[in-house]
Each structure stands twice: as structure tokens, then as C-alpha cells.
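**Student:** Sequence below, structure please.
(4 chains)
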Number of protein chains: 2
Amino acid sequence: MEAKDAEGPAPDAGSRGGAGTAGTGGARPHTGRRRNEAARQAVLDAALRLLVESKGAPITVEAVARAAGVGKQTLYRWWPSKGAVLLDALTDRAGQDVPPPDTGSLREDLRTVVAATFAAAQRAPWAPALRTLVREAATDPHLAELLRAYTGTRRALLREVLDRGRARGELPADRDLDLLVDQVYGLFWYRFLLGHAPLDAAAAERLTDSLLGPAAP
Amino acid sequence: MEAKDAEGPAPDAGSRGGAGTAGTGGARPHTGRRRNEAARQAVLDAALRLLVESKGAPITVEAVARAAGVGKQTLYRWWPSKGAVLLDALTDRAGQDVPPPDTGSLREDLRTVVAATFAAAQRAPWAPALRTLVREAATDPHLAELLRAYTGTRRALLREVLDRGRARGELPADRDLDLLVDQVYGLFWYRFLLGHAPLDAAAAERLTDSLLGPAAP
DNA sequence: ACTTGACGAGACTGTCGGTCTCGTTAAAGT
DNA sequence: ACTTTAACGAGACCGACAGTCTCGTCAAGT
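**Tutor:** Numbering: from 1, shown residues only, chains lettered A, B, ... in the order given. The predicted structure follows:
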């Protein structure tokens, strides 16, 4: 491998400006060879490819390193665990969070968000990757934590939509919004992981109606 | 599955008792030493104990065998995989399926079933055991299948309640009952596995209201 | 007595996550 | 140019674990 180094944006680590040679503590200027950005990209590419190709089968670290043409140690130098690599690969490329819709109609906003969530997870290459990731998370506490953080932001987005709807009076003031959020994502993950029932636009429509009551004319 | 034995001993029944063996017996004559029922019990006891004690930590086959005072081979002679042992241990002792209530009121039946489900999973020793089991199922296809079958019967029970309610006219004829079932169990598993929100009687009450609409006076 | 097969014990195999070592190579300072 | 430093690819190595195989023993039936 050893591509001619793209010298991409430095990861983060040491700020090179520190002229002080500060011996005592903290930031020390960085000498020596720098991180190979091409290797990072190769790892993420390989991980994502394997994640997509493996239909539910587990991914091994060796497979990722081999497919990326990279030593295992390089991998562990920059990611704390296998799970971190996989999640990074998935989120790095994942369609990024669109701001939730705000049409003025709770029913419409909710249906849109739910349908978008369903569709995104079903979209071509992502489903097996996400399923594999969740599987790995079951035995990798590190990954589980990362995944929890990631889904937390999704939950917050949905919660915003509901809050706006309630502020507009489209929902009783005493309605349990956390329950509503959990009903949406509970159903989503349940069907996504078990795969026994569809997660399509029709399901999103019916779920919305079930949560808000039948549409008023 | 299963090594030799043309007999295909089901891991359940097993005629206890000593010589003579009151005759329910298999049609096929059996020579040689018989299965040690005490060993089977010891395995299930040990597995359940470890399952309960391990708060989410994985259970090893060796630990089960050692705790039961049993050789590993004995274990694999009667169960096809580690997961099968764990599930057997849990279901063997788990509160058995009560027939679903039939009070004539869908709302009441539904609330009862949901509350019972929530309560059963939260009851003292079961929660960590069940969580561990589901974790293992993520990497054990065999166990995943067994678990799917087990939960399938639970789903069917709930479905009966809903069918009766719809037959009584308490639900619109075009209501999607599979969606309702998935909403219940989706929320249940979601909260059970993540543990971020309670699964108590109040939650059951609110979920029921959410599914059926606010209670009519 | 003799056959059969389950038993406890534990050695063994294969897989995998993660670490360690080694010789090499790129970046920086001098 | 020379030296120092650290990242690099390769792969040996470790520890944990599921599952298999072997062995000597022991109980149930013939």
C-alpha cells in the first residue's frame, strides 16, 4: 500500500505549534512520521464493504485489515475496538441527519419522519450492515455505548417533532411523549431486526394513524 | 443435530425412576446405561443460577458444566448448543403461559396481558437472565431460532385477545392487528433491552390507552 | 458375565479479539 | 546529509471460548 500520502487533515492529536518543548506535562510537539490518511480511508472503505456484503455474518478484524491492506496494529492504533471501526465506517458514509420536517402538521411531520426512518434502514446496502452492527453490539459494550449515543440523537429529533405538535395543541398536554418515541423506535427495531413484517411507507402510515388516532377529515 | 444415538432423546421428558421404569417407555428397547436425570437437573439448575447471577455477562459452557459437576460431553450429548441449554434452563422454570384473560372487555384484557408481560420480565431474577439470553442469541443462530419460536407463542396469545376484541366490535374491522402486536412487543423489547425507561403497570396502562385511544367514560 | 452406552474429566482443535515485536519508512529537527 | 521519532505492514503470539474426541469408569439390561 503505502500510497503517496494524501496528507489529509491532521487527525487531531498534538498541536504542532507548541514551541515550548514542554517537558512537564500535557501536549508535546509531534515528531516522527504522521498518520497515513490513505490507510484510514482504506480501512473505512474495507469495513463498509465487508459490512454490506456480509449478510448478517460477523466481521473479523483480520478480514478488515487484510481487505484494507493494513496491519492490525495500525487499525488498533486509531480505533479502540473492532466495533468502533465498524460504526465509524457506517456513520462516516451514512446519509446525514436531515433536519426534521416542520410543516405545521404533526401528523404529516410524524409520517414523514417515520417513513424516512423506515426507508433509510431498508435502503439497499444498509440493512445487512446495520443488522451486523447491532449483532456485534450485543457482545461489545464499547460499540453498544457508541450505538446508544448515535440512536439518541435520532430519538431527540423525533422528540422535537412531537414537542412542536403538542405546543400547537395537536396532542393532549398530558400525552406521554417518551412513550410515543419508544413506540416508534420500538416497532422500528423490532421489525428491522426480526424481519418478519415490512417497514414500508404503508406501515409508516398505519403506525402514524395508530399513534395519533384515525385521521380527521 | 446430535451426535449418535438413533433414539433422538427429547431433552424434555425423561422418565425418572429406577429399575422397572414404569412403562411409559419408548417403543424401542434400550440397552446400556440410561440417561442420568440428576445430571440433567444439575445442568439446568446451574445454568439458571449462572444466568441469573451474571448481570449481562456471557456464560461459558465450561462454567455451566463445572457448576453442575458434569462433563462437557454430557452437556453436548443432550443439548445441541450452549444456547439451547440456556433457553431450556430459562423456559423450564419460567412462569408458564397463563391462558390469556377473556373478560369480555378488550381494553381490560389487553391491559392485563401487557402488564403481565412487563411484570414477568422485570420480576426479580429473570431480567438479567433474559437479557443475557438475547445477547447470546445475537451470535448463536440456533438460539435465535429457538427464541423466535418461543416468542412466537407469546405473540399468538396476544393476537387471540385482539381477535376476540375485534369480533366483539371493539376494534374497527380494518385495524392492522399484526401492527398492534408488534407495537406491544416492539416497545417491550426496546425498553427491556435498553433499560432507559420503566416497564411498570403505569406504562402498561398508558400503552393500552395509546393503542386503543383514550378510555371512553 | 458380558455388552452397551452414559458418565466425569480433560486434552485438543479452530476461531477470533487484541497485543507485541520486528524491520521498514516517512516526517521533522539539526 | 544525518539523526530521531513514530507510523507503517506483516505476522507471531496470547487468552478465551465453543465444540469435539478420547479414556477409563460405571450402571442398566441380557
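**Student:** name the element the residue most central in space within chain A belongs to?
**Tutor:** For chain A, A:Thr91 is the residue whose C-alpha lies nearest the centre (Cα atoms, centre = their mean; 4.5 Å). Using DSSP states H and E, A:Thr91 maps to helix A:82-93.
**Student:** Okay, buried residues for that helix please.
**Tutor:** A:Lys82, A:Gly83, A:Ala84, A:Val85, A:Leu86, A:Leu87, A:Asp88, A:Ala89, A:Leu90 (16 or more other Cβ atoms under 10 Å in any protein chain shown). Every residue, glycine included, has its C-beta placed from N, CA and C.
**Student:** returning to that earlier point: residues in contact with the residue nearest to the centre of chain A?
**Tutor:** A:Tyr150 (Cβ atoms under 8 Å, 6 or more residues apart in numbering or on different chains).
**Student:** the longest helix in chain A is where?
**Tutor:** The residue-count maximum for a helix in chain A (DSSP state H) belongs to helix A:141-167.
**Student:** Which is the succeeding secondary structure element to that one?
**Tutor:** Sequence order places helix A:177-194 as the next helix or strand after helix A:141-167, per DSSP H and E.
**Student:** Enumerate the positions of the following helix or strand past that next one that are buried.
**Tutor:** Of the helices and strands lying after helix A:177-194 in sequence (DSSP H and E), the nearest is helix A:201-212. Buried residues in helix A:201-212, counting neighbours by 16+ other Cβ under 10 Å, are found at A:Ala203, A:Ala204, A:Arg206, A:Leu207, A:Thr208, A:Asp209, A:Ser210, A:Leu211, A:Leu212.
**Student:** In this structure the fifth one contacts A:Asp109, no?
**Tutor:** No. With the criterion set as Cβ atoms under 8 Å, A:Thr208 and A:Asp109 do not qualify as a contacting pair; they are 9.7 Å apart.
**Student:** Walk me through the domains of chain A.
**Tutor:** A:37-93, A:106-212 (automatic domain parsing).
**Student:** What residues does chain A have near DNA strand D?
**Tutor:** Residues of chain A lying near DNA strand D by Cβ under 7 Å from any atom of the strand: A:1-2, A:28, A:30-36, A:39-40, A:42, A:69-74, A:77-78.
**Student:** Just the ones of these in helices?
**Tutor:** A:Ala39, A:Arg40, A:Ala42, A:Lys72, A:Gln73, A:Thr74, A:Arg77, A:Trp78.
**Student:** Buried among those? Need that as a selection in ChimeraX.
**Tutor:** Typed into ChimeraX, the line below selects the buried ones among those, using 16+ other Cβ under 10 Å:
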select /A:39,40,42,74
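**Student:** Make a markdown table out of the ones in helices among the residues of chain A next to DNA strand D and add pLDDT and distance to chain B.
**Tutor:** Below are those laid out as a markdown table (pLDDT from 0 to 100; distance: Cβ to the nearest Cβ, whole Å):
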| residue | pLDDT | distance to chain B |
| --- | --- | --- |
| A:Ala39 | 95 | 29 |
| A:Arg40 | 97 | 28 |
| A:Ala42 | 97 | 27 |
| A:Lys72 | 98 | 21 |
| A:Gln73 | 97 | 26 |
| A:Thr74 | 97 | 26 |
| A:Arg77 | 97 | 27 |
| A:Trp78 | 97 | 26 |
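**Student:** Could you list the residues in contact with stretch A:111-123?
**Tutor:** Under Cβ under 8 Å, 6+ apart, the answer for stretch A:111-123 is A:95, A:98, A:100-101, A:103, A:126-127, A:130, A:154, A:157-158, A:161, A:184, A:188, A:192, A:199-201, A:203-205, A:207-208.
**Student:** List the buried residues for that stretch?
**Tutor:** So stretch A:111-123, judged by 16+ other Cβ under 10 Å, has buried residues A:Arg111, A:Thr112, A:Val113, A:Val114, A:Ala115, A:Ala116, A:Thr117, A:Phe118, A:Ala121.
**Student:** Let me see the mean pLDDT of that stretch.
**Tutor:** The average pLDDT within stretch A:111-123 is 94.
**Student:** mind checking the backbone torsions on A:Thr117?
**Tutor:** phi -60, psi -50 (degrees, to the nearest 10).
**Student:** I should have written A:Arg168 there, sorry.
**Tutor:** Dihedral pair for A:Arg168: phi -80, psi -10, per degrees, to the nearest 10.
**Student:** what do you get for the one 4 residues further on?
**Tutor:** A:Pro172 has phi and psi values of phi -60, psi 150 when expressed as degrees, to the nearest 10.
**Student:** Now for it, how many residues are close by?
**Tutor:** By other Cβ atoms under 10 Å in any protein chain shown, 9 other residues sit near A:Pro172.
**Student:** Find me the pLDDT at it, would you?
**Tutor:** pLDDT for A:Pro172: 96.
**Student:** In contact with it: list those residues for me.
**Tutor:** A:Arg166.
**Student:** so how far is B:Ile59 from it?
**Tutor:** For A:Pro172, the distance to B:Ile59 (Cβ to Cβ, to the nearest Å) stands at 46 Å.
**Student:** what's the pLDDT at A:Gly56?
**Tutor:** 82.
**Student:** Could you pull up the residues touching it?
**Tutor:** By Cβ under 8 Å, 6+ apart, the neighbours of A:Gly56 are A:Pro128, A:Arg131, A:Thr132, A:Arg135.
**Student:** Try it again at 7 Å.
**Tutor:** By Cβ atoms under 7 Å, 6 or more residues apart in numbering or on different chains, the residues touching A:Gly56 are A:Pro128, A:Arg131, A:Thr132.
**Student:** In three-state terms, how would it be classified?
**Tutor:** Secondary structure assignment for A:Gly56 (DSSP: H, G, I helix; E, B strand; the rest coil): coil.
**Student:** returning to that earlier point: filter the buried residues of helix A:82-93 by proximity to DNA strand C?
**Tutor:** Filtering the buried residues of helix A:82-93 for neighbours of DNA strand C using Cβ under 7 Å from any atom of the strand leaves A:Lys82, A:Gly83.
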